[in-house]
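Novice: When you get a sec, could you give me coordinates for this:
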Amino acid sequence: MCAGVDGARPARSRKRGEPLSELRVRPATFGDAERVAELATQLGYPSTPQQVGARLGHLLPRDEHAVYVAELGAGPVIGWVHVFVKHTAESDPQAEIGGLVVDESQRQRGVGKLLMRHAEQWARARGLRSVYLRSNVLRKDAHAFYASLDYRVVKTQAVFCKDF
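Specialist: Residues are numbered from 1 along each chain as shown. Coordinates of the predicted model:
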C-alpha cells in the first residue's frame, strides 16, 4: 500500500534530552521483528511482526541491504534504520535510507544520529559516495534533524503510487 496511519505504543519513557549512555547499535535479527513492526507503525507504516519478519527475511541475507537497531542495554529496541544500495540506469550506485525511526519517547537523545552514523559507515565501506533519503514534506522535525547532520535538499518531487 502507498500510505499508512500513525499510532503505536511507545517504549519506556525517559525525560526528553536525557543522554543515553547505555545506548548501543547492532545489526537487526529476525527476533527484532515485533519491535521493528511497532516502530514502523508508529512512523505511519502499519506493519505486523509477521510482515516485518518476512521483509527481514528478504533483506538481512542480502549484502546490498543493512538494517540496524538501537537498544538501551538489555531493554527493548528503540529505533532502527534500513540502508541499501540503489541501482538505477541514470546514475552510479548510491546508498539510500529506506527508513529511520526512533521511538517517540526516546527522540532528541542522539539515537537517530547514531543510527545514521552506522548507515553512513556501511555506505562508505561499500565505496558509495553519498547517502540519499526521502522525507515527507510534513515531517519538519525530521528535516531539521537531517539538516543538522549536513544533509541538504537536492530535489522536490511528487511521489506517485498505484495500488494493485
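Novice: which intervals of this structure have sub-threshold pLDDT?
Specialist: Filtered on pLDDT under 70, the chain yields the residue ranges 1-20.
Novice: and for stretch 23-37, what are the contacting residues?
Specialist: Applying Cβ atoms under 8 Å, 6 or more residues apart in numbering, the external contacts of stretch 23-37 come out as 47-53, 56-57, 60, 66-73, 76-77, 80, 109-111, 114-115, 118. C-betas here are computed from N, CA, C, even on glycine.
Novice: Can you list the buried residues in that stretch?
Specialist: For stretch 23-37, the neighbour count (16 or more other Cβ atoms under 10 Å) marks 23, 25, 28, 32-33, 35-37 as buried.
Novice: and if you look at stretch 126-144?
Specialist: Using 16+ other Cβ under 10 Å as the test for burial, stretch 126-144 gives 128, 131, 133, 135, 142.
Novice: Can you tell me the centre-most residue of the protein?
Specialist: Geometric centre of the chain, nearest residue: residue 100, 1.8 Å, by Cα atoms, centre = their mean.
Novice: Please name the strands paired to the host helix or strand of that one in the sheet, noting orientation.
Specialist: Assessed by DSSP states H and E, residue 100 sits inside strand 94-102. Strand 94-102 pairs in its sheet with strand 77-86 (antiparallel), strand 131-133 (parallel), by DSSP bridges.
Novice: distance of residue 81 from residue 131?
Specialist: Residue 81 sits 11 Å away from residue 131, going by Cβ to Cβ, to the nearest Å.
Novice: what touches both of the two?
Specialist: With contacts taken as Cβ under 8 Å, 6+ apart, the residues that reach both residue 81 and residue 131 are 97, 119.
Novice: What about the buried residues of stretch 23-37, which are in helices?
Specialist: Mapping the buried residues of stretch 23-37 onto helices (DSSP state H) picks out 33, 35-37.
Novice: any idea which of those is the one closest to residue 153?
Specialist: Proximity of these to residue 153 (Cβ to Cβ) peaks at residue 36, which lies at 27.8 Å.
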